[in-house]
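S.K.: Next input, structure requested:
(chains A and B)
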2 protein chains.
Amino acid sequence: MRKVDGEVQAWTFLDPAHALAQARAADEERLTGRPIGLLHGVPVGIKDIIDTADMPTENGSVLHAGRTPSRDAHVVTRLRGAGAVIMGKTVTTEFATRAPGKTRNPHNPAHTPGGSSSGSAAAVAAGMVPLALGSQTGGSTIRPASYCGVHGLKPTHGLVSRRGMFQLSRSLDHVGLFARTIDDLALLLEVLAGHDEGDPDTRPRARPPYREIAAEEPPIPPMLGFVKTARWDEMEPDAREAFSELVAHLGDRVEEVELLALDAGEWQRIIMDAEMALNLAREWATGRDRLSPSLRARLESGHTVRAYDYLRARAGVPALVASLAELFEQRYDALLTPATFGTAPAGLESTGDPAFCTLWTLTGMPAVSLPLMQGASGLPLGVQLVGPRDGDARLLRTGRWLAECVSAD
Amino acid sequence: MRKVDGEVQAWTFLDPAHALAQARAADEERLTGRPIGLLHGVPVGIKDIIDTADMPTENGSVLHAGRTPSRDAHVVTRLRGAGAVIMGKTVTTEFATRAPGKTRNPHNPAHTPGGSSSGSAAAVAAGMVPLALGSQTGGSTIRPASYCGVHGLKPTHGLVSRRGMFQLSRSLDHVGLFARTIDDLALLLEVLAGHDEGDPDTRPRARPPYREIAAEEPPIPPMLGFVKTARWDEMEPDAREAFSELVAHLGDRVEEVELLALDAGEWQRIIMDAEMALNLAREWATGRDRLSPSLRARLESGHTVRAYDYLRARAGVPALVASLAELFEQRYDALLTPATFGTAPAGLESTGDPAFCTLWTLTGMPAVSLPLMQGASGLPLGVQLVGPRDGDARLLRTGRWLAECVSAD
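M.R.: From the prediction side, this is the model:
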C-alpha cells in the first residue's frame, strides 16, 4: 500500500504493523465464536480531523503537529465496536478548510482530489481501503467523492455524532462517508448513526434498517426533481452535457425544478466564518503566522461578522428547510443536481469549488454523490442526489435505482 | 377591582364581564360532574407579551396597539385546560425591556413595582388575582416579586414553553410565575411545565409532582450557600443589614460562598442585545421613531455586536453551568442571594436594576424570590434562592423550609 500511496499520498499517518495487529486481534476474536461486528476486519481510513487514541490527529495544520488525543472520537469507537480495523489517518486540508494537503487524484495525479476530505476520497478511489470517513462543512465530502469517482454520503445533520472531530462550525459540520458501493455506504451508516450525549445535535430516535432499505426495490419508480441551480451556466460544458443526457435518459422520471433565488450560499458563508473564528480562536491568538494566508484572511473576515447577520442567517434556515421539505412531500423522492462544476480541475493549488453543496449542508439534508458519469477527459464526475432530512435510507435506495437506470443504458 | 386598580394600574386590558362569563362557564362545567382542573375557576393575570386569542396583546408598545393574536400562547392553553379564568392582561414595560408602563407599587404608589413584569407582580401583591404570569430575560420576574412582596419563580430554562410569548431572546427568555404562596407557585408550575414542540428548548421528560415535593419536609435540614456577589457593597445599607441578620439567624445552615469573578453580566448583555436586535428587526425597520429613546439606543448598540463575541458568550455558558452544578452536587441545597439592591426605588422612571438576576437567567437555573424581609421604609424585600437546573421542585421545598425558619424567629 505504501507503494500505491507513493503517487496518491492519501495518508498522513499509516502504520501497517499496527493495522496488522488490529486485524490479527479481529481474527482471534472471531475464533472465540463470539458474535462478530458488522465491519469485522474491514479496514477504514479516518480523516485526520477525527480523533484516534492510538494514532496522531493533526488537523492538517503544523500548529497541531504531533497532537495525540487521549480518546477516540465517537465514530471511531463505533467502528472499533463493529470490528473495523482503523487503517490510518487520511490527509485533510488545513483544519478542513481550503489550503490543500499533499494528496493527488488517483485518476490523474496532476489533478486535485478535491477537499477537504482529500485523503479519504483518494484512498477509497485507489482501492487502498473500502471505507473511509471524512467531514463536510461546505462541500468537503460530496466534492472529493465526485472528483475521485467514489460514493460519498453526507448524512442528515445530527444523525452521526461529531464528538471528537475537530469543530469548525457546530451548525454546519457533518461526518462524511466514503465507500465503493451504495451497500457499503448503508452498512457504514448503520454502524455510525445514532444518539450521542456528547453531540447535542444528535437525538434519540428509532434507527431504520439502512442496509435493508437501501437494498430494496422502490415500490414504484422514483420521481426526481432536477435542480440546475443558478450557476448552471458556469459549469464545464462537458459536465452540462453529461447531465442533459442523464436527464433525457430518465424521461418522465425527472422534471426540472426551479428553486427560488436563495441567500443560502451567503448564509452558509456567514455562519461558517463566524463559527470558525470562534473555534480557531486559540490558533489565531497563538499561531496565526503559521496559518495559511487564505485561512488567515478568512478568520480576519470572520471576526468582523455581525451577530445580527449571523443570527438572521441562522433564523432563516428553518423556513428554507420547510420549503424544501414540501418538494419531497408533494412530489419528489430526491433532487438530482450537480455535485461539482465539472471533473477534478488540473493542479493541486485548489481543491475546487463547493458551491453546489452548500445549500444542502446549510439545511442539513442528506446528500450522496454517485460516480455515474465522466467528463471529456475521462475523469469521473459525480451525480448528487439530495433527500429530505432523516430520509437517508430512502435516499440510498433511490441512488441504487438511479445507478441501475444508468447502467441499463 | 377597577377601583383598586385605579391606584395600582396593573392592567392594560380588563373586561370584568368576560372574566365573569369564563367563571360562569367554569361553574357550569363543575356542575356536570366531570373531573375539574387544578385551577378550576382561579383567576390568573397574564403579562401583555403573552398571546391570548380573546384579548389584545400589545407587547407594551404603541407599535403593536390593537394587536389581536388569533391563538393562545401555550401557557394560556394550559391554564384554560386546567380551568383557570384568564382575568386580563397585565402591564409590561415596552417589549419587556426597560421603558416603564403605568403600574405603581401597591405598597407605595410613589415607588416602582419593578419590571418588566410590573402589572403581574402588582396585581398579585394588591390581591387582585392569586396567580399571574410574567417573563424574565434579565431580572423581570425576580425583581418585581422582590419589590412588590410576592412570591416569584423563574423556572429552569426550557421547563415552560414560550410559544406565543413575544420573543426577545431565545437563549434567555423564561416564563415567570407570581403567586401569594409557595404552594401556589408549585401548583401553577405543575400546570405549566412540560414539553411543547413549539418551543425547541423544551424537551420530553418525566414531570415531578411539584406540589407534593414542595409541600414535603426536607429529610435533613437544607444547607444554603450565601452568595454576596461582587456588588454587595452597592446594596442599600438596610438590605445588607437584613441579609446579615438572616444569615446570622440561619446559623450553621448557611455558609458564605464566593463565586469566581464572572463575565456573566457582560455575557448576558451581549446575548440579549444581539438577539433583541434580530427579534425587533421589523419594529426597527418600520417604526423606530415610536420606540422609546432607551430601547432605540439599545437596539442601535445591539446591531453592532460581533458574532465572535456573541458566540463566545454562548459558548461560555455550559462551563459556567457545570461549575455551578458542582456547588449543588457537593454541598448546597440552594444558594441564598439578594434579589435586588434594596426595596423598590422611589419614582416610576426606572423599574430598577436586574444585576442580581442576570447570572441565573444566563445559566437557566431556577430562582425564586421569597417575600421574607423588609427595608427600613417598611417596603418589602425579597430573598432569592437559586437551585440547580431541573431542581425546581426541591428549590420550592427549600424555600418553604427557609420561610418556616424565618417565621419561627
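S.K.: which SSE is A:Pro56 in?
M.R.: Assigned by DSSP states H and E, A:Pro56 belongs to neither a helix nor a strand.
S.K.: now it: how far from chain B?
M.R.: A:Pro56 is 26 Å from chain B, where distance means Cβ to the nearest Cβ, to the nearest Å. The way it works is simple: take the backbone N, C-alpha and C, and place the C-beta from them, glycine included.
S.K.: pretty sure that residue contacts A:Ile49?
M.R.: No. Using Cβ atoms under 8 Å as the test, A:Pro56 is too far from A:Ile49 to be in contact (11.8 Å).
S.K.: With neighbour numbers in mind, choose between the two.
M.R.: Of the pair A:Pro56 and A:Ile49, A:Ile49 is the one with more neighbours under other Cβ atoms under 10 Å in any protein chain shown, namely 31 against 17.
S.K.: The more buried one: what's it in contact with?
M.R.: Taking Cβ atoms under 8 Å, 6 or more residues apart in numbering or on different chains, we find A:Ile49 in contact with A:Thr57, A:Asn59, A:Gly60, A:Thr92, A:Phe95, A:Ala96, A:Ser135, A:Met165, A:Phe166.
S.K.: which one of these sits closest to B:Leu177?
M.R.: For those, the closest approach to B:Leu177 (Cβ to Cβ) belongs to A:Met165, at 41.2 Å.
S.K.: who are the neighbours in contact with the closest one?
M.R.: Counting by Cβ under 8 Å, 6+ apart, A:Met165 makes contact with A:Ile49, A:Ile50, A:Asp51, A:Ala73, A:Val75, A:Ser135, A:Asp173, A:Val175.
S.K.: next one: phi and psi at the residue lying closest to it once chain neighbours are set aside?
M.R.: Nearest residue to A:Met165, sequence neighbours excluded (Cβ to Cβ, 6 or more residues apart in numbering or on different chains): A:Ile50, at 4.9 Å. Note on A:Ile50: its backbone torsions stand at phi -110, psi 120 [degrees, to the nearest 10].
S.K.: Just list the residues touching A:Ile50, thanks.
M.R.: A:Thr57, A:Ala73, A:Val75, A:Val76, A:Leu133, A:Ser135, A:Gly164, A:Met165, A:Phe166, A:Val175.
S.K.: Also A:Arg269?
M.R.: A:Thr358.
S.K.: mind listing the strands in the stretch 251-400 of chain A by residue range?
M.R.: A:254-256, A:334-338, A:367-374, A:380-386 (DSSP state E, counting those that start in this stretch).
S.K.: and the lengthiest helix in chain A, what does it pack onto?
M.R.: Criterion DSSP state H: the longest helix present in chain A is helix A:307-330. Here helix A:307-330 touches helix A:264-279, helix B:264-279, helix B:307-330, going by 3 or more Cβ pairs under 8 Å, 6 or more residues apart in numbering or on different chains; DSSP states H and E.
S.K.: Next one, pLDDT for the residue in chain A sticking out farthest from the centre please.
M.R.: The C-alpha centroid of chain A is most remote from A:Thr32, which lies 36.1 Å away (Cα atoms, centre = their mean). pLDDT recorded at A:Thr32 is 89.
S.K.: Please apply the same query to the one 5 residues further on.
M.R.: Looking at A:Gly37, its pLDDT reads 92.
S.K.: How about A:Met1?
M.R.: Looking at A:Met1, its pLDDT reads 54.
S.K.: number of nearby residues for the closest residue in space to A:Ala281 that isn't next to it in sequence?
M.R.: Spatial nearest neighbour of A:Ala281, excluding adjacent residues (Cβ to Cβ, 6+ apart): B:Arg312 at 7.6 Å. Residues near B:Arg312, counting by other Cβ under 10 Å, number 16.
S.K.: you'd agree B:Arg312 is up against A:Asn279?
M.R.: No. Using Cβ under 8 Å, B:Arg312 is not in contact with A:Asn279; the gap is 10.6 Å.
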